[in-house]
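In: A structural model of the following input is requested.
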Amino acid sequence: MQPSLRPNPSLEPDCHRQGTWPARLLLSIIRLAGQAPCRRGRLRSSVRPHNDMPFDLTEPFILDTERQLGASLPVSYKTAMSRSNGGEIEALGVVWQLHPIADTSDRKRLARTANHIICETASLQSWSRFPPGALSIGANGSGDCLVFLRSVNSFGPAVHLWSHETGQTELLAQDFGELHRT
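Out: Numbering: from 1, shown residues only. Okay, the predicted model is just below:
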């Protein structure tokens, strides 16, 4: 009798068997990325498309935000946000997510602006190194923020980079309009 050329499944390491959790996890990850056929045999991805396109913004929401802040926002920032509330900018080779201005006109806009500038700034004010009077307008996902610095009753047009590690701010642009939106 000739020995079988097929490997004995009982001798196979557990991590390579189809039914073990590492193999199932790997197949799930591949399927989610849309690289492997699902059970029905077609290529399908369960990853949802990016639907966080920024909305336009009407002036009453900007005025309400200024009232809550007790200071006026820079004109170039208000103009940019009225066209596209939120979005991304690229600066110093990094993509920054802009915090939107709160928009309560409907449920969809309310949900998309839940991380508005007032909320994000309030969260950062609990950090001991966050500059007093600063307004967070964007973040890079690593803890650093783009901020406006407040003078008496308005925020200056200059955009500063706040480092969460050092607590220092450095000038990034003289005006929000100088930054490249992606």
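In: List the contacts of residue 180.
Out: With contacts taken as Cβ atoms under 8 Å, 6 or more residues apart in numbering, residue 180 has the following neighbours: 89-91. The way it works is simple: take the backbone N, C-alpha and C, and place the C-beta from them, glycine included.
In: Quick check: beta-bridge partners of it?
Out: Taking DSSP bridges, one obtains residue 90 as the residues bridged to residue 180.
In: cool, residue 85 as well?
Out: Using DSSP bridges, the beta-bridge partners of residue 85 come out as residue 55.
In: wait, what's in contact with it?
Out: 54-57, 100-101, 103, 113.
In: end to end, how far does stretch 151-160 reach?
Out: 14 Å (Cα to Cα, to the nearest Å).
In: in stretch 115-133, what counts as buried?
Out: Along stretch 115-133, these residues count as buried under the neighbour rule (16 or more other Cβ atoms under 10 Å): 116-118, 120-121, 124, 130-131.
In: I'd like the next helix or strand past the helix or strand of the chain with the lowest mean pLDDT.
Out: When each helix and strand of the chain is scored by mean pLDDT, DSSP states H and E, helix 21-32 comes last, with a mean of 59. Downstream of helix 21-32, the next assigned helix or strand under DSSP states H and E is helix 59-69.
In: For that next one, give me every contacting residue.
Out: 72-73, 78, 81-82, 101-105, 116-118, 135, 155.
In: try 7 Å
Out: When contacts are taken as Cβ atoms under 7 Å, 6 or more residues apart in numbering, the neighbours of helix 59-69 outside the stretch itself are 72-73, 78, 81-82, 101-103, 117-118, 135.
In: now swap in stretch 126-136 and tell me
Out: Outside of stretch 126-136, the residues within contact range by Cβ under 7 Å, 6+ apart are 69, 99, 117, 120-121, 124, 145, 147-150, 155, 162, 164, 167, 169.
In: Return a ChimeraX selection command for the buried portion of the residues you listed.
Out: Buried residues within these, by 16+ other Cβ under 10 Å, are selected in ChimeraX with:
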select :69,99,117,120,121,124,145,147,148,149,150,155,162,169
